[in-house]
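> Below: sequence and its predicted model.
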Amino acid sequence: MDHTLERNKQTVLDFYEIGLNQKDFDKAATLIGSRYVQHNPRIADGIDGFEAFLATLRQDFPDLRAEVKRIFADGEYVVAHVYGVRVPGQSGTAIVDIFRFDADGKIVEHWDVMQPVPDTAANQNGMF
């Protein structure tokens, strides 16, 4: 078992719980490296961009929840398959987040792809 991969996966799980679910910037910031590159076009680069994003979530979506359904680690990357619900009762969003880590085990880069969960589907397999 590669302890670095397991540590990085746990960091991502903590990041979702502390950052997105609890919206606690100060604690979540300890998981982020000194340089944080953001590829989501709606979020600014750096720790300040993440802080502004969490402030928006606290204000606009205080009950937002992110549930990690699957998580994978390979080298300096962690990929999470996530079910996100901004407002309870909504269908939510299927998300794939990609995080890159530095040698110190801090998140230093983030990409994401999001797809709304439809009310109906052409198959019975579900998105998760």
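Arrived safely.
> Which of the helices or strands spans Ile98?
strand 93-101 (DSSP states H and E).
> Check which helices and strands that strand sits against.
Using 3 or more CB pairs under 8 Å, 6 or more residues apart in numbering; DSSP states H and E, the elements in contact with strand 93-101 are helix 3-14, strand 77-85, strand 107-116. (Each C-beta comes from the backbone N, C-alpha and C, glycine too.)
> Please identify the deepest-packed of those.
The highest mean neighbour count among the helices and strands packed on strand 93-101, using mean count of other CB atoms under 10 Å, belongs to strand 77-85: a mean of 19.
> Show me what that strand is packed against.
Applying 3+ CB pairs under 8 Å, 6+ apart, one finds that strand 77-85 contacts helix 3-14, strand 65-74, strand 93-101.
> Low-confidence stretches in this structure?
1 (pLDDT under 70).
> Assign a three-state SS to Lys23, would you?
Taken by DSSP: H, G, I helix; E, B strand; the rest coil, the conformation at Lys23 corresponds to coil.
> Touching, it and Leu57? I think so.
Yes - the pair Lys23 / Leu57 is scored as a contact, 5.6 Å apart, by CB atoms under 8 Å.
> Overlap of the contact sets of those two?
Common contact partners of Lys23 and Leu57 (CB atoms under 8 Å, 6 or more residues apart in numbering): Leu64.
> hang on, the earlier thing: select, out of the helices and strands packed on strand 93-101, the one closest to Gly33.
Closest to Gly33 of the helices and strands packed on strand 93-101 is strand 107-116 (CB to CB; 4.0 Å).
> Now that closest one - C-alpha only, PDB.
C-alpha atoms of strand 107-116 as PDB (Å, rounded to 0.1, in the frame of the first residue of the first chain):
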ATOM      1  CA  ILE A 107      -3.500  20.400  -2.900                       C
ATOM      2  CA  VAL A 108      -1.900  22.700  -5.500                       C
ATOM      3  CA  GLU A 109      -4.100  22.400  -8.500                       C
ATOM      4  CA  HIS A 110      -7.800  21.600  -9.300                       C
ATOM      5  CA  TRP A 111      -9.900  20.700 -12.400                       C
ATOM      6  CA  ASP A 112     -13.600  19.700 -12.500                       C
ATOM      7  CA  VAL A 113     -16.200  18.500 -14.900                       C
ATOM      8  CA  MET A 114     -19.900  18.800 -13.900                       C
ATOM      9  CA  GLN A 115     -23.100  17.300 -15.400                       C
ATOM     10  CA  PRO A 116     -26.600  17.800 -14.000                       C
END
